[in-house]
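>>> Need a 3D model of the following:
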Amino acid sequence: MALSLEGTTEAPHFDRTAFKARRIFTTLAADGLTANIRLSLDEQEFRCEAQVDAYRKVPNKFGDAGWTTATLAALTVDDLRVALTSAWRHQAPPPKTGDRRSRR
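Residues are numbered from 1 along each chain as shown. Just a heads-up that it's a prediction; the model follows:
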C-alpha cells in the first residue's frame with residue numbers, strides 16, 4: 001500500500017522495512033504485525049485516543065516527533081490507507097513548479 005504512493009521507495013532500516021518519499025514516513029516490522037507511521041502531533045493524539053487498540057505513541061523521543069505504532073490487525077484497509085497517505089503528504093517532496101496534480 002505504501003509503495004502505491006507517488007515517489008515512494010522501499011529500503012531496509014535496521015530490523016524493519018522503511019518506506020520513503022523525501023524522508024521515511026513509515027516502517028514495517030519484520031513480522032508484519034505493526035508499522036511505525038510518522039503522523040502530525042495532532043493526528044497522533046487524535047488517532048491514539050480514538051483507536052486505542054490500533055495506535056500508540058512510540059515511547060521515546062521519536063514518539064514525541066509523531067512516530068506512532070499501528071497494530072495492523074486492528075485497522076481496516078481504509079484506516080491504514082488514510083494514515084499512510086497523511087504521513088506520506090508530510091514527507092513527500094513538494095510538487096514541481098507548474099505541476100497541477102494534487103495530493104489526494
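>>> center of the chain, which residue is that?
Central residue of the chain (Cα atoms, centre = their mean): residue 37, 3.1 Å from the mean position.
>>> these two touch, right, that residue and residue 83?
Yes. Contact criterion Cβ atoms under 8 Å: residue 37 and residue 83 qualify, at 5.4 Å. (Each C-beta comes from the backbone N, C-alpha and C, glycine too.)
>>> same for the biggest helix by length in the chain, what does it pack against?
Ranked by residue count under DSSP state H, the longest helix found in the chain is helix 77-91. For helix 77-91, the packing partners by 3 or more Cβ pairs under 8 Å, 6 or more residues apart in numbering; DSSP states H and E come out as strand 24-29, strand 34-38.
>>> just to revisit the earlier point, what residues are shared contacts of residue 37 and residue 83?
With contacts taken as Cβ atoms under 8 Å, 6 or more residues apart in numbering, residue 37 and residue 83 have residue 70 as neighbours in common.
>>> on that earlier part again, contacts only, for the residue nearest to the centre of the chain.
Applying Cβ under 8 Å, 6+ apart to residue 37 gives the contacts 25-26, 67-70, 83-84, 87.
>>> same check, this time on residue 9
Applying Cβ under 8 Å, 6+ apart to residue 9 gives the contacts 19-20.
>>> Residue ranges in the chain under the pLDDT threshold?
Across the chain, residues meeting the criterion (pLDDT under 70) sit at 98-104.
>>> measure residue 67 to residue 20 for me?
Going from residue 67 to residue 20 by Cβ to Cβ, to the nearest Å gives 14 Å.
>>> hang on, I meant residue 14
Plainly put, residue 14 is 14 Å away from residue 20 if you go by Cβ to Cβ.
>>> Name the residue in the two with the higher neighbour count.
Comparing residue 14 with residue 20 by other Cβ atoms under 10 Å, the one with more neighbours is residue 20, at 19 against 8.
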